[in-house]
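Chemist: give me a model of this one.
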Amino acid sequence: MARRTHQEQIIKNYYKNRNEILFQNLSEIVSELWLAPDQFKRRKLWQRAAKALEGIGMPAGEIKRLVESQDEKALARVLNEKF
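Modeler: Below is the predicted model:
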């Protein structure tokens, strides 16, 4: 029974800190984009960034514009403004 409450606490903490987790994930994605060796890797990273931006509640139009531009600097600016 104690295990269940422990698991519930872990889940509760995850959702409590979800935005911070997503911002951290986005920060890592920005770093990886700067170092991405090929277009395939960059495309996958931008897909991950779009999902994370969606998770923090950014409007779909802004996400689409940002992803289509493929501008790492713009993504970094968005992170600095939001966090």
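
Chemist: for the rest of this, base every contact and every neighbour count on C-alpha atoms.
Modeler: OK.

Chemist: for residue 11, give me its contacts.
Modeler: Residues in contact with residue 11 (Cα atoms under 8 Å, 6 or more residues apart in numbering): none are found.

Chemist: heading C-terminal from the helix or strand containing it, find the next helix or strand.
Modeler: For residue 11, the host element (DSSP states H and E) is helix 2-16. Following helix 2-16 in sequence order, the next helix or strand is helix 18-35 (DSSP H and E).

Chemist: in that next one, what's buried?
Modeler: Buried residues in helix 18-35, counted by 16 or more other Cα atoms under 10 Å: 19, 22-23, 26-27, 29-30, 33.

Chemist: mind putting those residues in CSV, distance to residue 66 and pLDDT included?
Modeler: Listed next are the buried residues of helix 18-35 as CSV, based on distance: Cα to Cα, whole Å; pLDDT from 0 to 100:
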residue, distance to residue 66, pLDDT
19, 19, 88
22, 17, 91
23, 16, 91
26, 13, 93
27, 15, 93
29, 14, 95
30, 13, 94
33, 14, 94
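
Chemist: show me which residues of stretch 50-59 are buried.
Modeler: Those would be 50, 52-53, for stretch 50-59 by 16+ other Cα under 10 Å.

Chemist: list just the nearest of those residues to residue 64.
Modeler: Closest to residue 64 out of the buried residues of stretch 50-59 is residue 50 (7.9 Å), distances taken as Cα to Cα.
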